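>>> Kindly generate the corresponding structure for this input.
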Amino acid sequence: MKEGAGYKNSFLASVGEQGESSRILGRRSFLQNSGHGFGALALGSLLFDKEGRAAAVTSENPKVRRVISLFMSGGPSQMDLLDPKPGLEKERGKELPASVRGEQRITTMTSGQKELPVLPSPFKFSAHGQSGLELSELLPHWGDVADDLCVIRSMKTEAINHDPAITFFQTGFQLAGRPSIGSWVSYGLGALNRDLPAYVVLTSRSTSGGAQPLYSRLWNSGFLPAEHSGVKLRNTGDPVYFLENPAGIDRGIRRDTLDDLRQLNQKRHAIIGDPAIESRIAQYEMAFRMQASVPELADISKEPEHVLKLYGPNVEKQGSFARNCLVARRLAERDVRFIQLFHMGWDQHDKLKETLSRQCRDTEQPVAGLIKDLKQRGLLKDTLVVWGGEFGRTTYAQKPGDAAGRDHHPGCFTQMLAGAGVRGGHVHGATDEYCYNVTQDPVHVHDLNATLMHLLGVDHKRLTFKFQGRDYRLTDVHGQLVKKILT
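Numbering: from 1, shown residues only. Okay, the predicted model is just below:
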């Protein structure tokens, strides 16, 4: 047999040619189809209604149509931003009491320190809005939207280091490989706009320099079908690669090529039943439609000046957090289901006063501007904005004097929500006088994710996917609704 002939024969058999190889492949394909082809049909009949929604796991009237997740990678300091502890001033420089720390672990970055001296916040807090919500001086523009904010001061998580903590927040598990929350939402509810992905991701970096890395697996679909992965828009140049067709190829030729390729893929799928082939077809089609939809999405030239001003001076800079917030609003207008912005640089191990101030200058006005912009367009009534990081910071100082910063702290931290389905001007939960332990209404990461899914109309306990013999879900075997924050 000539070199390559075996591949040619198997390929011809796969697209319908008769013969012994086709018969053998047919037997093999039956066994493969028994594993996932029939299962996929059964899953489809059980879960999805004629609109493509997960009928068996959704409610009739969800309060939230779309989510904008503003993930502050690194772990913002809760006692310097949203959880004031003025009483700590009298404890300045004193050792954190062993009774407060208890059995909680600390990182190796501070375990070698001779002391764990209490570091009060250098920033002042004041009340805002009719609700009297207390906010740090680092968040002046948030004061304008204080009565729209729902602040959870009693968050808890399990991981103390960045990568497992972010992975846990995104997937419900500390090890890589499981689907992200946006992928679960896409899988359960599908897309609202056929010309854009259901899950879109944007990233930005701190102007302070230094940031924990982010990995694409954080918005990956894991063992869910590949089309549910987040699509990341680039920070420079074209938002996605290959928006323009090559020279000599117009849109009609591209369409004809994809049609032919789809037919080949469909014939292959009919024989071997590999669900990855269906995902590939769907992704090719989405990429084709995005060639038309993404350039218009990314063009902000027609945005009026008064809207641009809402987001602050960096909005004109592609890849900035401010620009990404504006793009998030444009994505929300176009009914993208799950929009996630990652902003790096919240890991203030040293020079807290300097670096945290700069970080907030980059981000706090765009967040407030996004909320204002959504509200003035009537989008906040069915959009939920979520702000926060993977854990909090310690009340004790890491490094001495003016160089002091704060270490990682999973024992308590703060998340902010605004918009559909949650109480505005509301504070949920409380921490002790050292901002080290939750003392009232604890909220685990699984609880928060369960509540987000509930607001989207999804029962987190019923949205599952069978993989390697086990039914998996975003919240694993955990998660309780945080009913006190719901409207």
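>>> make it CA atoms for all contacts and neighbour counts henceforth
Noted.
>>> So residue 353 is in contact with residue 119, correct?
No - under the criterion of CA atoms under 8 Å, residue 353 makes no contact with residue 119, lying 11.4 Å away.
>>> Please parse the protein into its domains.
5-44, 61-240+305-485 (automatic domain parsing).
>>> Show residues contacting the helix or strand containing residue 452.
Assessed by DSSP states H and E, residue 452 sits inside helix 445-455. Residues outside helix 445-455 that contact it (CA atoms under 8 Å, 6 or more residues apart in numbering): 62-64, 155-157, 169, 172, 181, 185, 421, 459-460, 474-475, 478-482.
>>> Are any of those buried, and if so which?
Neighbour-count burial (16 or more other CA atoms under 10 Å) applied to the contacts of helix 445-455 gives 62-64, 155-157, 169, 172, 181, 185, 421, 459-460, 474-475, 479-482.
>>> mind pulling up the phi and psi values for the closest residue to residue 162 other than its chain neighbours?
Leaving aside its sequence neighbours, residue 162 sits nearest to residue 74 (CA to CA, 6 or more residues apart in numbering; 6.7 Å). With angles defined as degrees, to the nearest 10, residue 74 shows backbone torsions of phi 130, psi -30.
>>> Number the chain from 11, please
Right, with 11 as the first residue, what we last looked at is residue 84.
>>> how deep is residue 84 tucked in, by neighbour count?
Residue 84: 27 surrounding residues under other CA atoms under 10 Å.
>>> Over to residue 303?
Using other CA under 10 Å, residue 303 has 15 other residues around it.
>>> How about residue 336?
A count of nearby residues for residue 336, using other CA under 10 Å, gives 25.
>>> Please list all residues in contact with it.
For residue 336, the contact set (CA under 8 Å, 6+ apart) comprises 321, 325, 380.
>>> how much space between the last one and residue 145?
As defined by CA to CA, to the nearest Å, residue 380 lies at a distance of 18 Å from residue 145.
>>> and the helix or strand harbouring residue 292, what does it pack onto?
Applying DSSP H and E as the criterion places residue 292 in helix 285-308. Using 3 or more CA pairs under 8 Å, 6 or more residues apart in numbering; DSSP states H and E as the contact test, the elements touching helix 285-308 are helix 261-282, helix 331-343.
>>> partners of the residue nearest to the spatial centre of the chain in the sheet?
Closest to where the C-alpha atoms of the chain average out (CA atoms, centre = their mean) is residue 350, at 4.4 Å. As for beta bridges, residue 350 partners with residue 79, residue 211 under DSSP bridges.
>>> That one touches residue 79, doesn't it?
Yes - using CA under 8 Å, residue 350 is in contact with residue 79, at 4.6 Å.
>>> Ramachandran coordinates for residue 143?
The phi and psi values for residue 143, taken as degrees, to the nearest 10, are phi -60, psi 130.
>>> now it, nearest residue through space, not along the chain?
Nearest one to residue 143, counting by CA to CA, 6+ apart, is residue 137 at 5.1 Å.
>>> Any regions of this structure where pLDDT drops low?
Scanning the chain for pLDDT under 70 picks out 11-68, 219-220.
>>> For residue 256, find the nearest of the domains of the chain.
Taking CA to CA, domain 71-250+315-495 is the member of these nearest to residue 256, at 14.7 Å.
>>> I'd like to know which elements the very next helix or strand once past the helix holding residue 292 is packed against.
For helix 285-308, the succeeding helix or strand toward the C-terminus, using DSSP H and E, is helix 315-320. The helices and strands touching helix 315-320, judged by 3+ CA pairs under 8 Å, 6+ apart, are helix 362-386.
>>> between the helix it packs on and helix 331-343, how big is the angle?
Relative orientation of helix 362-386 versus helix 331-343 (axes from the mean of the first three to the mean of the last three CA atoms, to 10 degrees): 30 degrees.
>>> Render the CA-only coordinates of the next helix or strand after helix 362-386 in CSV, please.
Using DSSP H and E, the helix or strand that follows helix 362-386 in sequence is strand 393-398. Coordinates of the C-alpha atoms in strand 393-398 are reproduced here as CSV (Å, rounded to 0.1, in the frame of the first residue of the first chain):
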residue,chain,number,x,y,z
THR,A,393,-28.6,42.7,34.4
LEU,A,394,-26.6,41.7,37.5
VAL,A,395,-23.2,43.2,38.1
VAL,A,396,-20.8,41.3,40.4
TRP,A,397,-17.5,42.8,41.7
GLY,A,398,-14.9,41.1,43.8
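>>> Please compute how far strand 393-398 lies from its chain's middle.
Its chain's average C-alpha position is 10 Å from that of strand 393-398, according to CA atoms, centre = their mean, to the nearest Å.
>>> Just checking: what are the partner strands of it?
strand 76-83 (parallel), strand 423-429 (antiparallel).
>>> what's the neighbour count on the spatially closest residue to residue 236 that is not a sequence neighbour?
Counting by CA to CA, 6+ apart, residue 289 is the residue found nearest to residue 236 once chain neighbours are left out, at 5.8 Å. A total of 15 residues lie near residue 289 under the criterion other CA under 10 Å.
>>> separation between residue 289 and residue 414?
For residue 289 relative to residue 414 (CA to CA), the value is 50 Å.
>>> ditto for residue 175
Taking CA to CA, one finds residue 175 at 23 Å from residue 414.
>>> before we move on, what about residue 310?
To residue 414, residue 310 is 41 Å away according to CA to CA.
>>> Residue 129 now?
Separation of residue 129 from residue 414 (CA to CA): 8 Å.
>>> So these two - more neighbours on which side?
Applying other CA under 10 Å to residue 129 and residue 414 shows that residue 129 carries more neighbours, namely 25 against 18.
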